[in-house]
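Colleague: After the sequence you'll find the predicted model.
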Amino acid sequence: MKQVIEMICRALEKKKKKKKGNRTAQTTKGFGAPPPTLEERLTSFKSRIPEDDSALCACDSGRPYTECCRPFHHGDRQCQTMLDVLRSRYSAFSYRIVDYVMESTHESCRDWRQDKVAWANDLDRSGMFDSFDFVKLEHGDEEMDEFDENKGYIDFEVTLRAKDDRLDSLAGQETVISERSTFLRNPDDMTWAYASGVVRSNVVGLENTSLNS
């Protein structure tokens with residue numbers, strides 16, 4: 001996800017220079033406090049989850065969030081279809097639910113990391129599309145793999161709009177990201193997870209370029 005955003009921003013405004021602050025390595029001296037746990041880090045992250053229980057879900061299902069993707073995010077429902085994974089992950093990115101993005105990622109995915117704290121920190125810092133508003137999700141039908149009954153695909157498009165306060169010169173501009181995602185099913189409990197995806201954008205010059213290759 002981080003790679004996608006960086007490539008889109010460079011293509012939209014080639015002269016824009018990104019400023020990166022210097023990071024100082026953190027060390028624990030003597031009997032200092034232990035490093036934070038995953039739970040502690042997750043609770044410190046900002047959230048975009050709607051406070052109104054009647055708010056429609058970000059995945060464009062037309063149903064309230066409480067009746068749509070929230071049960072997946074809270075662990076009350078499991079993803080029994082590929083569309084369950086796609087919709088619930090889209091809304092998780094929209095609402096900044098970092099732990100669900102990790103939980104719904106298959107171990108074979110190149111994004112998957114053993115160090116969950118480092119993974120969560122990286123997502124929070126640069127993987128949650130904070131410079132954009134999520135406009136809409138459009139998707140095709142589920143496609144099963146011809147040879148593997150536990151593998152499938154979905155083609156979908158996500159429309160993002162640059163925020164006014166984060167990318168001044170790009171404010172209001174919409175970008176469409178297209179992806180053909182691969183999903184894998186656990187044959188033991190029959191639940192699906194996100195495994196990989198080929199991502200493209202409508203940005204001029206990048207239409208036929210795989211952004212995550």
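Modeller: That came through, no problem. Quick caveat, the model's predicted, so the values are computed rather than measured.
Colleague: Residue 147 belongs to a strand?
Modeller: No. Secondary structure assignment (DSSP: H, G, I helix; E, B strand; the rest coil) places residue 147 in coil, not in a strand.
Colleague: Near it, how many residues? Count them for me, please.
Modeller: By the measure other C-beta atoms under 10 Å, the count of residues near residue 147 is 6. (C-beta placed from N, C-alpha, C; glycine too.)
Colleague: for the one 10 residues further on, same thing?
Modeller: Residue 157: 15 surrounding residues under other C-beta under 10 Å.
Colleague: list the helices and strands the longest helix anywhere in the chain packs on?
Modeller: The single longest helix within the chain, with elements called by DSSP state H, is helix 82-95. Taking 3 or more C-beta pairs under 8 Å, 6 or more residues apart in numbering; DSSP states H and E as contact, the helices and strands that helix 82-95 lies on are helix 70-73, helix 98-103, strand 132-139, strand 151-162, strand 174-185, strand 192-201.
Colleague: 6 Å instead?
Modeller: Judged by 3 or more C-beta pairs under 6 Å, 6 or more residues apart in numbering; DSSP states H and E, the packing partners of helix 82-95 are strand 151-162, strand 192-201.
Colleague: any idea which of these is most buried?
Modeller: Among the helices and strands packed on helix 82-95, judged by mean count of other C-beta atoms under 10 Å, the one packed with the most neighbours on average is strand 192-201 (a mean of 21).
Colleague: Check which helices and strands that one sits against.
Modeller: Using 3+ C-beta pairs under 6 Å, 6+ apart, the elements in contact with strand 192-201 are helix 82-95, strand 174-185.
Colleague: Tell me which of those lies nearest to residue 47.
Modeller: helix 82-95 (6.6 Å; C-beta to C-beta).
Colleague: So for this protein, which residue is the most central one in space?
Modeller: Among the residues of the chain, residue 93 comes closest to the average C-alpha position under C-alpha atoms, centre = their mean, at 4.3 Å.
Colleague: these two touch, right, residue 66 and residue 53?
Modeller: Yes. Using C-beta atoms under 6 Å, residue 66 and residue 53 qualify as a contacting pair, with a distance of 5.0 Å.
Colleague: Those two: which has the busier surroundings?
Modeller: Between residue 66 and residue 53, counted using other C-beta under 10 Å, residue 66 has the larger neighbour count: 15 against 10.
Colleague: Can I take it that the more buried one is in a strand?
Modeller: No. According to three-state DSSP, residue 66 belongs to no strand; its state is helix.
Colleague: Next one: it from residue 76, what distance?
Modeller: Using C-beta to C-beta, to the nearest Å, we find residue 66 at a distance of 11 Å from residue 76.
Colleague: Residue 181 now?
Modeller: When distances are taken as C-beta to C-beta, residue 181 and residue 76 turn out to be 24 Å apart.
Colleague: What of residue 107?
Modeller: 23 Å.
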